[in-house]
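*Asks:* my questions are about this predicted structure, shown below with the sequence.
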Amino acid sequence: MRFSSLSQLKRLCEEEGSSMSDVMIADQAAETGQSEEKVFRQMADYYRIMREAVGKGLMEGRKSRSGLTGGDARRVKLHADGGEPSLGADAASAMAYALAVSEVNASMGRIVATPTAGSCGIIPGVFVSSQERFGWEDDVLVRGLFAAGAIGYVIANNSFVSGAEGGCQAEVGSAIGMAAGALVEMRGGTPEQAVHAVGLALKNSLGLICDPVAGLVEIPCIVRNGFGAVTALAAADMALAGVASAIPSDEVIEVMLEVGAAMPAEHRETAKGGLARTPTGRRIMKELYGEEGQA
Amino acid sequence: MRFKDVFSIIGPSMIGPSSSHTAGAVRIGRAARQTLGEAPLEAEIVLYGSFADTYRGHGTDLALVAGLLDYPTDDERLPDAFAHAAQAGMRVELRAARTPEIHPNTAAIRLRGEKGRVFVKGRSIGGGSIEMVAVDRFDVKFTASYPTLLVFHADREGTIAELSGTLKRARVNIGHMQLDRESRNGAALTVIECDQAVPERELKRIGRLAGVARVRMIDLTAKEGIS
């Protein structure tokens, strides 16, 4: 890849008069020796799987394999359609769709890791709801996934994207940043605005720990995906309105690395701290595994 | 760069719930099956660390068996992998290890097929990525992200030259290569990560080289059915 930081990515876009997705598609083709069409087709397949997962999660409302979660996506969608959601119907739909995909994940359905399975709801939540709202062709969204991928590529290589390494900020946080930046590009914002959206979003999830109850990708992961979709919309709106991230986004990514590295092991996906070690968290673990062992 | 391309960020397409405990486990199982080179009749799986502690909730057991059936990570038959394995005549035994392992998400798999046996050990290192660290008594280290050639051969001069010569003629580029041997003049294993899949004909040609006992191609990029 010709970029390893967001500022390099932005500069490339400005020099070539191209979008982040243009750069990512070209570089992916060059790196793998495949045609741009083939690379695009694979991403289009992934978008189709994401949209299927949204539909499946809303229709079936099925329980997770552990039996702990399920059905919240439907509840939120009904509230979004029929009630008067405080967020407004569009943001509430994005939230419902994100929950839907995360519930499909927990019930052993098919999803696309974006960047991980634990954070797989945020990008589909933002993308599928935006497609419905703005009437975009699929190609717009597929390109958006390349923009999200370019942002994620920078975050992953300069910080981390797994909860075991850097806490939830690295999974859900990264997904929010990726969704926010991509949404800015899809809505016609400049690469500079997109990069600001990433920094704005990441700052809001710095320090978020990974503390899954019983070690499962359910509590609190699923609801955090719902919140994440809404935060991504908010960050994109701030950036499109002209709000800049006073701390440059690349520096925010470095802070994520610093904060994640300083996180105790208890708060990095080991289920030995945080929500997992509350009385209720421990009871659930005991019920699932028959003992209060390690998750 | 730890992450090399856009599909290591957006992707893989997979059956949930966990990229490390589910998708990674499928890939370890699949690498094991392709190392055996045929459908296993018996599988003995030992889980370590976090795999051992949380496999039920994550379906790690189902995922490993799905891999042994050569299913890709997004195969929707995964939740029913045990039933499919039974139908295929595969007997599976799975237990948690009593001893610790260096990496928390490790599985050791012993397989027996109609024609042979193999032992492998793999780790799931996050995001669905894996690292295979043992094949039989050999230390290895490959990720199965590329088409990977395993050549079991005798430790004698010239084998590597003939091997690489064959790949050169097949226009296959070598990305990474490693060699481990049991002893001088003993059995050896060469692992070659390639940029392209090696055509069947060339695999046969390599299999006929002097001192080569068997050749296996591990290709997790193919949809399924490689053995």
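*Replies:* In hand now; what should we look at? Numbers count the residues shown, from 1 in each chain, chains lettered A, B, ... in the order given.
*Asks:* can you show me the helices along chain B?
*Replies:* B:24-36, B:49-58, B:60-68, B:81-87, B:159-169, B:200-207 (DSSP state H).
*Asks:* any chance of the ones you listed in CSV, plus mean neighbour count and mean pLDDT?
*Replies:* For glycine as for every other residue, the C-beta is placed from the backbone atoms N, C-alpha and C. CSV is the format used below for the helices of chain B (neighbours: other Cβ atoms under 10 Å in any protein chain shown; pLDDT from 0 to 100):
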stretch, mean neighbour count, mean pLDDT
helix B:24-36, 29, 97
helix B:49-58, 23, 85
helix B:60-68, 28, 97
helix B:81-87, 16, 97
helix B:159-169, 15, 94
helix B:200-207, 15, 94
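*Asks:* adding distance to chain A, write the ones you listed out as a markdown table.
*Replies:* Listed next are the helices of chain B as a markdown table, based on distance: least, Cβ to the nearest Cβ, whole Å:
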| stretch | distance to chain A |
| --- | --- |
| helix B:24-36 | 10 |
| helix B:49-58 | 4 |
| helix B:60-68 | 8 |
| helix B:81-87 | 10 |
| helix B:159-169 | 17 |
| helix B:200-207 | 19 |
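*Asks:* what about the lowest-mean-pLDDT helix or strand in chain A, near chain B?
*Replies:* Least confident helix or strand of chain A, by mean pLDDT, DSSP states H and E, is helix A:163-166 with a mean of 88. Yes. With Cβ under 8 Å from any Cβ of the partner chain as the criterion, chain B is reached by helix A:163-166 at A:Ala164, A:Glu165.
*Asks:* what's next to that helix, contact-wise?
*Replies:* A:116, A:118, A:159-160, A:170-171, A:210, A:212, A:256-257, A:259-261, A:263, A:268-270, B:20, B:126 (Cβ atoms under 8 Å, 6 or more residues apart in numbering or on different chains).
*Asks:* which members of those are positioned in helices?
*Replies:* Reading helices off the contacts of helix A:163-166 with DSSP H, I get A:Met256, A:Leu257, A:Val259, A:Gly260, A:Ala261.
*Asks:* closest one of those to B:Ala43?
*Replies:* A:Gly260 (37.0 Å; Cβ to Cβ).
*Asks:* the closest one contacts A:Cys168, correct?
*Replies:* No. At 9.7 Å, A:Gly260 does not count as touching A:Cys168 under the criterion of Cβ atoms under 8 Å.
*Asks:* list the contacts of the closest residue to chain A within chain B.
*Replies:* Using Cβ to the nearest Cβ, B:Gly16 is the residue of chain B that sits closest to chain A, at 3.2 Å. Neighbour list for B:Gly16: A:Val104, A:Asn105, A:Ala106, A:Ser107, A:Met108, A:Gly109, A:Arg110, A:Ile111, A:Ala117, A:Cys120, A:Val217, B:Thr22 [criterion: Cβ under 8 Å, 6+ apart].
*Asks:* would CSV of these with secondary structure, distance to B:Glu101 and neighbour count be doable?
*Replies:* Listed next are the contacts of B:Gly16 as CSV, based on DSSP: H, G, I helix; E, B strand; the rest coil; distance: Cβ to Cβ, whole Å; neighbours: other Cβ atoms under 10 Å in any protein chain shown:
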residue, secondary structure, distance to B:Glu101, neighbour count
A:Val104, helix, 31, 30
A:Asn105, helix, 27, 34
A:Ala106, helix, 27, 30
A:Ser107, coil, 30, 24
A:Met108, coil, 26, 22
A:Gly109, coil, 30, 21
A:Arg110, strand, 30, 20
A:Ile111, strand, 28, 31
A:Ala117, coil, 23, 30
A:Cys120, coil, 28, 30
A:Val217, coil, 22, 31
B:Thr22, helix, 19, 29
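*Asks:* tell me the one of the residues you listed nearest A:Ala179?
*Replies:* Of the contacts of B:Gly16, the one sitting nearest to A:Ala179 (Cβ to Cβ) turns out to be A:Cys120, at 11.6 Å.
*Asks:* quick one, phi/psi of that closest one?
*Replies:* phi -80, psi -10 (degrees, to the nearest 10).
*Asks:* tell me which residues touch it, please.
*Replies:* A:Ala53, A:Val101, A:Ser102, A:Asn105, A:Ile111, A:Val112, A:Ala113, A:Thr114, A:Asn225, B:Gly16.
*Asks:* chain neighbours aside, what residue packs nearest to it?
*Replies:* A:Ile111 (4.5 Å; Cβ to Cβ, 6 or more residues apart in numbering or on different chains).
*Asks:* same check, this time on A:Gln131
*Replies:* A:Leu141 (5.5 Å).
*Asks:* before we move on, what SS does that neighbour have?
*Replies:* At A:Leu141 the chain is in helix, as set by DSSP: H, G, I helix; E, B strand; the rest coil.
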